[in-house]
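S.K.: What follows is a protein structure lacking sequence information:
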Ligand SMILES: O=P(O)(O)OC[C@@H](O)[C@@H](O)c1c[nH]c2ccccc12
């Protein structure tokens, strides 16, 4: 807390947050950072300011580049601080230590714990950061936006869940196409994503969730695209670790109808910003929470219609389905009913009793992977999970 308070002065020195002049740093050249979005994909306009305050565009590249490096690093640190102030433990970027000649806040210099992720979720996010930068170099946003014109139309994800819930009297099923996970290893060797998706659809799934992360879940955007192109009618959730708005456009261009936003990773401002973009793109957002604090943060954001309660802690892999029940008790349950928000019970659901338990707690939908993807006939897996045939036929 103290550290946060002492960071306020330099925090305000950032032009993107406040226009107050920088007072606490030595007189390094001042950089104007125009912040395009909360994921800090800023574009940088570098100007050197002379001591009398007059601005001149930098002619010598080197010092400006160095200052930019320092600024970029500082922004990363500030971003981690903002997230931490919202209870987010995941740091967006590895604390690499300050660049050479760094003269900024002492606290920042101390915060270099070495670039080792503290848990698997943090590792995934850092990896994703590098991955997305490379993706963006290969395909800048303008090019992705062009692809949107040819993308198949976005379908009504929430509508499909509500309809299934009304049709069966059971939670609408989002069936997950997942080959592997860091907690469970390989779930299915003979993995044909399209075949699995078709079996799920036939078995009565309302929607599908398709893992697109390659490194940790052995998924891909090719899988998502192939399922969409094969004519599967269930709306598709792109199951990805989203940290940058570019990924939303990309997911839509590949045929996604919905995306996952993880509250343990994204600060409120990012969630708000991404929800807005998704609305423009026609994408549904499933915002995932794991504890009371995350749930309260998300309930405070306008326009959220679908919230997932993940029974698995993504930092520790601990699984406990009573989390869904705990979070829906009392005042929070009341708010979601008043706001007509659909709650999705996620992870660790294996039996009809598990389904009944989370339904009793108040969920109208469930997200299930392991228990059904492992079955030789995943469609039959769905009947086993619900204790009855829920297919349309
Ligand atoms: O396989 P399970 O235990 O049925 O869980 C499915 C789904 O909830 C899980 O894959 C998941 C939930 N949230 C995530 C975020 C990222 C990756 C994976 C997930």
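M.R.: Perfect, thanks for sending it. These numbers were taken from a predicted model, which means no experiment stands behind them.

S.K.: what about the longest helix that the chain contains, average pLDDT?
M.R.: Of all segments of type helix in the chain, defined using DSSP state H, the longest is helix 61-85. The average pLDDT within helix 61-85 is 81.

S.K.: buried set for that helix?
M.R.: Buried residues in helix 61-85, counted by 16 or more other C-beta atoms under 10 Å: 64, 66-68, 70-83. All C-beta spots, glycine's among them, are computed from the backbone N, C-alpha and C.

S.K.: Looking at strand pairing, list the partners for residue 211.
M.R.: Beta-bridge partners recorded for residue 211 (DSSP bridges): residue 239.

S.K.: I'd like to know how far it sits from residue 293.
M.R.: Look at residue 211 and residue 293: by C-beta to C-beta, to the nearest Å, they are 26 Å apart.

S.K.: More neighbours: those two, which one.
M.R.: Neighbours were counted for residue 211 and for residue 293 using other C-beta atoms under 10 Å; residue 211 has more, 24 against 14.

S.K.: From what I see, that one and residue 187 are in contact.
M.R.: No: Residue 211 is not in contact with residue 187 according to C-beta atoms under 8 Å; the separation is 10.4 Å.

S.K.: Quickly list what's touching both of the two.
M.R.: Common neighbours of residue 211 and residue 187, counting by C-beta atoms under 8 Å, 6 or more residues apart in numbering, are 178-179.

S.K.: and residue 173, what is it in contact with?
M.R.: Going by C-beta under 8 Å, 6+ apart, the list of residues near residue 173 reads 164, 204-207, 365-366, 368, 382, 385-386, 390.

S.K.: cool, and residue 309?
M.R.: Contacts of residue 309 by C-beta under 8 Å, 6+ apart are 288-290, 295, 323-324, 327-328, 343-346, 363.

S.K.: 10 Å - rerun?
M.R.: The contact partners of residue 309, by C-beta atoms under 10 Å, 6 or more residues apart in numbering, come to 288-291, 294-295, 321, 323-328, 343-347, 358, 361-363, 367.

S.K.: Among those, name the buried ones.
M.R.: Here, 16+ other C-beta under 10 Å leaves 288-291, 294-295, 321, 323-328, 343-347, 358, 361-363, 367 buried among the contacts of residue 309.

S.K.: so of those residues, which ones are in helices?
M.R.: Judged by DSSP H, those include 294-295, 323-328, 358, 361 as members of helices.

S.K.: Quick check: which element contains the closest residue to residue 119 other than its chain neighbours?
M.R.: The shortest distance from residue 119 to any non-neighbouring residue, by C-beta to C-beta, 6 or more residues apart in numbering, is to residue 315 (4.2 Å). For residue 315, there is no helix or strand it lies in under DSSP states H and E.

S.K.: what do you get for residue 307?
M.R.: strand 306-310.

S.K.: now that strand: how far from the chain's centre is it?
M.R.: The chain centroid and the centroid of strand 306-310 are separated by 12 Å, computed with C-alpha atoms, centre = their mean, to the nearest Å.

S.K.: Which single residue in the stretch 1-150 of the chain comes nearest to the ligand?
M.R.: Minimum separation of the stretch 1-150 of the chain from the ligand (C-beta to the nearest ligand atom) falls at residue 124, amounting to 8.2 Å.

S.K.: Out of the contacts of residue 173, grab the one that's most surrounded.
M.R.: residue 207 (30 neighbours).

S.K.: my read: that one touches residue 171, true?
M.R.: No: taking contacts as C-beta atoms under 10 Å, residue 207 lies outside contact range of residue 171: 11.6 Å.

S.K.: which residues do those two both contact?
M.R.: Contacts common to residue 207 and residue 171, judged by C-beta under 10 Å, 6+ apart, are 161, 164, 344, 365, 367.

S.K.: Restricted to helices, list the contacts of residue 173.
M.R.: Per DSSP H, those map to helices at 164, 382, 385-386.

S.K.: Just send those back as TSV, with distance to the ligand and pLDDT too.
M.R.: Formatted as TSV, the ones in helices among the contacts of residue 173 follow (distance: C-beta to the nearest ligand atom, whole Å; pLDDT from 0 to 100):
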residue	distance to the ligand	pLDDT
164	17	98
382	12	98
385	10	98
386	14	98
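
S.K.: just curious, which of the residues you listed is nearest to residue 242?
M.R.: Set against residue 242, the nearest of the ones in helices among the contacts of residue 173 by C-beta to C-beta is residue 164 (25.1 Å).

S.K.: thought the closest one was touching residue 170?
M.R.: Yes: the criterion here is C-beta under 10 Å, and residue 164 meets it with residue 170 at 8.0 Å.

S.K.: Now the common contact residues for these two.
M.R.: 204, 364-365, 390.

S.K.: Could you check how many residues crowd around the residue of the stretch 251-393 of the chain found nearest the ligand?
M.R.: Residue nearest to the ligand within the stretch 251-393 of the chain: residue 369 (2.8 Å; C-beta to the nearest ligand atom). For residue 369, the count of nearby residues is 24 (other C-beta under 10 Å).
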